[in-house]
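# build me a model from this:
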Amino acid sequence: MDYVLSILSLGAINGIAVLGLAIFTGFTGMFSLGHSAFVGIGAYGSAILTYYYFVPFPLALLAGSLMAALVGLLVGAPALKADLRSDYFAIAILGFGEAFRVLVENLDLTNGARGLPGLEPFSTPAWIFGCLALALALAFNFVRSPLGRSCAAVREDPVAAQMAGVSLFTVRLCSLAFSAALCGLSGGLMAHYLSFVQPSMFTLTQSTMLLAAVIAGGMGSLTGPLLAAFIFVALPEALRMAQMWRLAAYGLILVAMMVLRPKGLMGYREVWQLLPAFRGRGDGRA
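Here you go, the predicted model:
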């Protein structure tokens, strides 16, 4: 049971970051290949506060999320102001993610490539699943708010949204900040669950896995990517008996899912819309 609980806890931690990216990619239509950097900012921000300055864990967790959101604003403002298209923006954020990793590898405060070991395991299952519930509630409120509906409008047709009076820059920047905050929350929980943090945890591979969960779960859904995040954590463990063929089988399953379900697991629907009582009440589009 401890092993199962650990898998569920890791899935929930990743799920919080996936929820953040689902807002930015799924509901705003902007791709990102560098969101692992925001996870790293939250992880290092909260870890440094508890490791060096003995800040209470809730405050450190909040500070790490706010740090990630602030950096998201600072990085996103010039990139979005330049009106970079989705693919060019993804490359710009990818460069930021690599720059962040190199930076933390060379700072004395972060202990370089060795990272920060021996962190207190503050991230109990109660904290993790409580933060997941909070993140899910915040994400749904964001999506259903006027700003969230503007995000959906920008995703569907940026030109039409702009002609209707929607500021593409403001909507995309707010979406990025909210997305980065959830990723920072995920990073803080992860650092204090694994009891260590190091730069190799925040690479392009991690960003790709977050993006893959969003696409596999459904670009217009929140619960779909969250479900995919749990699957992506549990699936490698289930395939561990395959040893060297584990990663090949993992990739084959992903390709098969994309062929059979091109819109993802949920598409534009949420999990409860599969229930008979909710069928026919919309497809989840804002």
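
# so what's the gap between the longest helix seen in the chain and the chain middle?
Ranked by number of residues, the top helix in the chain under DSSP state H is helix 168-194. Distance of helix 168-194 from the chain centroid (Cα atoms, centre = their mean, to the nearest Å) equals 7 Å.

# which parts of this protein are strands?
Ranges of strands within the chain are 116-117, 196-197, based on DSSP state E.

# one step back: buried ones in the longest helix of the chain?
Across helix 168-194, burial judged by 16 or more other Cβ atoms under 10 Å covers 168, 171-194. (C-beta placed from N, C-alpha, C; glycine too.)

# and the closest residue to residue 75 other than its chain neighbours, what pLDDT?
Distance criterion Cβ to Cβ, 6 or more residues apart in numbering; nearest residue to residue 75, sequence neighbours excluded, is residue 96 at 5.3 Å. Confidence at residue 96, expressed as pLDDT, is 94.

# give the full set of residues in contact with residue 96.
Shown in contact with residue 96 (Cβ atoms under 8 Å, 6 or more residues apart in numbering): 34, 37, 75.

# low-scoring stretches of this protein, by residue?
Counting by pLDDT under 70, the ranges of the chain that qualify are 241-247, 250, 275-286.

# give me the neighbour count for the closest residue to residue 148 other than its chain neighbours.
What sits nearest to residue 148 in space, not counting adjacent residues and going by Cβ to Cβ, 6+ apart, is residue 142, at 4.9 Å. By the other Cβ atoms under 10 Å criterion, the neighbourhood of residue 142 contains 20 residues.

# same question for residue 47.
Neighbour count for residue 47, taken as other Cβ under 10 Å: 25.

# now the helices for this protein?
All helices of the chain, identified by DSSP H, fall at 2-21, 35-52, 57-81, 86-104, 125-144, 146-156, 158-163, 168-194, 204-217, 223-238, 246-260.

# can you list the residues that contact the fifth one?
Defining contact as Cβ under 8 Å, 6+ apart, one finds that helix 125-144 is touched by 5, 8-9, 12-13, 15-16, 19-20, 22-23, 27, 57, 61, 148, 151-152, 178, 182, 185, 189, 193, 222, 226, 286.

# next, the angle helix 204-217 makes with the longest helix of the chain.
Using axes from the mean of the first three to the mean of the last three Cα atoms, to 10 degrees, the direction of helix 168-194 lies 110 degrees away from that of helix 204-217.

# name the helices or strands packed onto helix 168-194?
Where contact means 3 or more Cβ pairs under 8 Å, 6 or more residues apart in numbering; DSSP states H and E, helix 168-194 is packed against helix 2-21, helix 35-52, helix 57-81, helix 125-144, helix 146-156, helix 158-163.

# comparing those helices, which comes out most buried?
Mean neighbour count (mean count of other Cβ atoms under 10 Å) peaks for helix 35-52 among the helices and strands packed on helix 168-194, with a mean of 28.

# show me what that helix is packed against.
Packed against helix 35-52, as judged by 3+ Cβ pairs under 8 Å, 6+ apart, are the following elements: helix 2-21, helix 57-81, helix 86-104, strand 116-117, helix 168-194, strand 196-197, helix 204-217.
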